[in-house]
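> I'd like to go over a predicted model; first the sequence, then the structure.
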Amino acid sequence: MPEWVEVIIRTLASIVVLFGLTKLLGKRQISQLSFFEYITGITIGDLAAAISLNVKEAWYLGVISLTVWVLVSLGIEFLQLKSKKARDFLDSKSTVLIKDGKVMDDNLKKERLTNEELMQLLRSKNAFKAAEVEFAVMEPNGEINVLLKKENQPLTPTHLGIKVGPESEPQAVILDGKIMDEPLATRGLNRRWIHAELEKLGVSLDNVFLGQVDAYGQLYVDLYDDQIKVPQPQQKAMLFAELKKCQADLEMFGLSTDRLDAKTLYGQCATRLEQVIDDVKPLLTR
């Protein structure tokens, strides 16, 4: 067999074996690497390349070496799951870099970080002043996590005492001009609803690149033709405006009647409707 053919066969076999072993190691091997996992990843890649090109050596010896490395890595992962001491030894512990706005110089030297590198890491977390940071910690995988002081944190509805309704993930119901029945059924909708909504928007199904339905049953579409502007759904805004109009009508009826009992009834209904509007406002005005 010519060597170039053998190299092709060995390379294809290495890809299959490496893919299978990497799947066995799991997603952690390609995301947050510990020191040992980093070494394992480099070594496995080097062994796979050696199996592909070293035609003078038996291919199965490389596969055996790969298998040993993978088994050792799996054993280390199981050991880490069972023992905190093993986790601390292999992955090391998190290191506090900033506490109460003060840079921990000794910890910075321990991680061999310069001031410039620390500021770069802070900027990646949208923190531009060390004094504004309540707590900054370097995780074992080298990532830095930052907690700003309360007065420097972004304003949220919780700070304003505003209740925000829960919202589930949007469902992609149209992909490449084709209706996805399973996500559509998840929202309790059907194809007839899709066609009716597309007719309201004035677009055809085959021109829709992506269509999503949010938790409130509103359809958002992205078209192949970028020159066409699609109007945004207005159902929530229209419902909110209608509720406000009903409240205003009740108040007007109460002012226009001379009967005391009717005036009281209209006033009570307007007050209750106002409470309902306050409850649903977070859902209808975002």
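Perfect, I can see it now. Only a predicted model underlies this, so the values are computations on that prediction, with no experimental measurement involved. Residues are numbered from 1 along each chain as shown.
> how about the helices of the stretch 101-250 of the chain, start to end?
Read by DSSP state H, counting those that start in this stretch, the stretch 101-250 of the chain holds these helices, from start to end of the chain: 105-110, 115-124, 181-186, 191-201, 235-256.
> how about TSV for these, with distance to residue 222 added?
Heads up, the C-betas are built off the backbone N, CA and C, glycines and all. Below are the helices of the stretch 101-250 of the chain laid out as TSV (distance: least, CB to CB, whole Å):
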stretch	distance to residue 222
helix 105-110	46
helix 115-124	30
helix 181-186	16
helix 191-201	12
helix 235-256	19
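> May I see these organised as JSON lines, with mean pLDDT and mean neighbour count added?
Rendered in JSON lines, the data for the helices of the stretch 101-250 of the chain read as follows (pLDDT from 0 to 100; neighbours: other CB atoms under 10 Å):
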{"stretch": "helix 105-110", "mean pLDDT": "87", "mean neighbour count": "12"}
{"stretch": "helix 115-124", "mean pLDDT": "88", "mean neighbour count": "14"}
{"stretch": "helix 181-186", "mean pLDDT": "88", "mean neighbour count": "14"}
{"stretch": "helix 191-201", "mean pLDDT": "87", "mean neighbour count": "14"}
{"stretch": "helix 235-256", "mean pLDDT": "80", "mean neighbour count": "14"}
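> Which parts of the protein are strands?
Along the chain, the stretches classed as strands by DSSP state E are 95-99, 102-103, 133-138, 144-148, 171-175, 178-179, 208-213, 219-223.
> For residue 222, give me its contacts.
By CB atoms under 8 Å, 6 or more residues apart in numbering, the contact list for residue 222 reads 208-211.
> Pull out the buried residues from stretch 129-145.
Within stretch 129-145, the residues that qualify as buried by neighbour count (16 or more other CB atoms under 10 Å) are 130, 132-134, 136-138, 140-141, 144.
> do the same with stretch 142-162
Neighbour counts using 16+ other CB under 10 Å place 144, 146, 148 of stretch 142-162 among the buried residues.
> which one is the most centrally placed residue in the chain nearest to, not counting chain neighbours?
Compute the mean C-alpha point of the chain, and by CA atoms, centre = their mean the closest residue is residue 169, 10.4 Å away. Leaving aside its sequence neighbours, residue 169 sits nearest to residue 215 (CB to CB, 6 or more residues apart in numbering; 8.0 Å).
> How about residue 225?
residue 207 (6.1 Å).
> Could you do residue 247 as well?
In this structure, residue 247 finds its nearest non-sequential neighbour in residue 273, 4.7 Å apart by CB to CB, 6+ apart.
> wait, doesn't the one you found sit right on residue 246?
Yes - the pair residue 273 and residue 246 passes the contact test of CB atoms under 8 Å, sitting 6.2 Å apart.
> Tell me which two in the contacts of residue 222 are the farthest apart.
Greatest spacing in the contacts of residue 222, by CB to CB: 209 and 211 (8.3 Å).
> ok, so what distance separates residue 186 from residue 213?
As defined by CB to CB, to the nearest Å, residue 186 lies at a distance of 9 Å from residue 213.
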